[in-house]
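Chemist: Prediction below, plus the sequence it came from.
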Amino acid sequence: MKFSSELVPYLLQSVYDWCCDNGLRAMLLVRDGGDSILPRWHVKNGCIVLDISKAAVRELNFGADAVSFEASFDGEPFSVEVANAEIMWIGSPERKIGMVMSESDVSDHERVQPQPAVDQGESTSRKRKKSSARPNLKLI
């Protein structure tokens, strides 16, 4: 689905507000297309996952063309500006709920998610076994 560029900042803000209202981390999955100011040393496979929750950033702004904020990377302050056109996904990794903003490279979302449920090298049948396994909790 392609969104009107006028609508994008409002959609981003809405998903961000929902995450905050529910006590969840808000995250952005960004494709580094060269139009954004990013900590490029953290870019993997052409993508970066950014935590934009209130505890992680300062001066967060959802603008008409870009999302901007101040954050710390490796202990160093950094001004981030993400072009709206390079945002692929926004949402909560804890709930695995969000909104796909870009149709291209959507499959990269699972590959660069901060806490993948299964390693990339595992076979599909093994993935199914792991997902259907019962939780192993111990009562103390």
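Modeler: Right, received. Where do you want to start?

Chemist: and the longest helix along the chain, C-alpha only, in PDB?
Modeler: Once the chain is assigned using DSSP state H, the helix that runs over the most residues is helix 8-21. Listed next in PDB are the C-alpha coordinates belonging to helix 8-21 (Å, rounded to 0.1, in the frame of the first residue of the first chain):
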ATOM      1  CA  VAL A   8       2.800   9.700   6.400                       C
ATOM      2  CA  PRO A   9       3.700  12.000   9.400                       C
ATOM      3  CA  TYR A  10       0.300  11.500  10.900                       C
ATOM      4  CA  LEU A  11       0.500   7.700  10.500                       C
ATOM      5  CA  LEU A  12       3.900   7.600  12.100                       C
ATOM      6  CA  GLN A  13       2.800   9.800  15.000                       C
ATOM      7  CA  SER A  14      -0.300   7.600  15.600                       C
ATOM      8  CA  VAL A  15       1.700   4.400  15.800                       C
ATOM      9  CA  TYR A  16       4.300   6.000  18.000                       C
ATOM     10  CA  ASP A  17       1.500   7.300  20.300                       C
ATOM     11  CA  TRP A  18      -0.100   3.900  20.500                       C
ATOM     12  CA  CYS A  19       3.200   2.300  21.500                       C
ATOM     13  CA  CYS A  20       3.800   4.900  24.200                       C
ATOM     14  CA  ASP A  21       0.200   4.700  25.500                       C
END
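
Chemist: if we look at it, which residues are touching it?
Modeler: Identification of contacts with helix 8-21 by C-beta atoms under 8 Å, 6 or more residues apart in numbering yields 3, 25-26, 52-54, 60, 62-64, 67, 84, 87, 90-92, 98-99, 101. The way it works is simple: take the backbone N, C-alpha and C, and place the C-beta from them, glycine included.

Chemist: Separate out the buried members of these.
Modeler: Listed as buried from the contacts of helix 8-21 are 25-26, 52-53, 60, 62, 67, 84, 87, 90-92, 98, 101; burial here means 16 or more other C-beta atoms under 10 Å.
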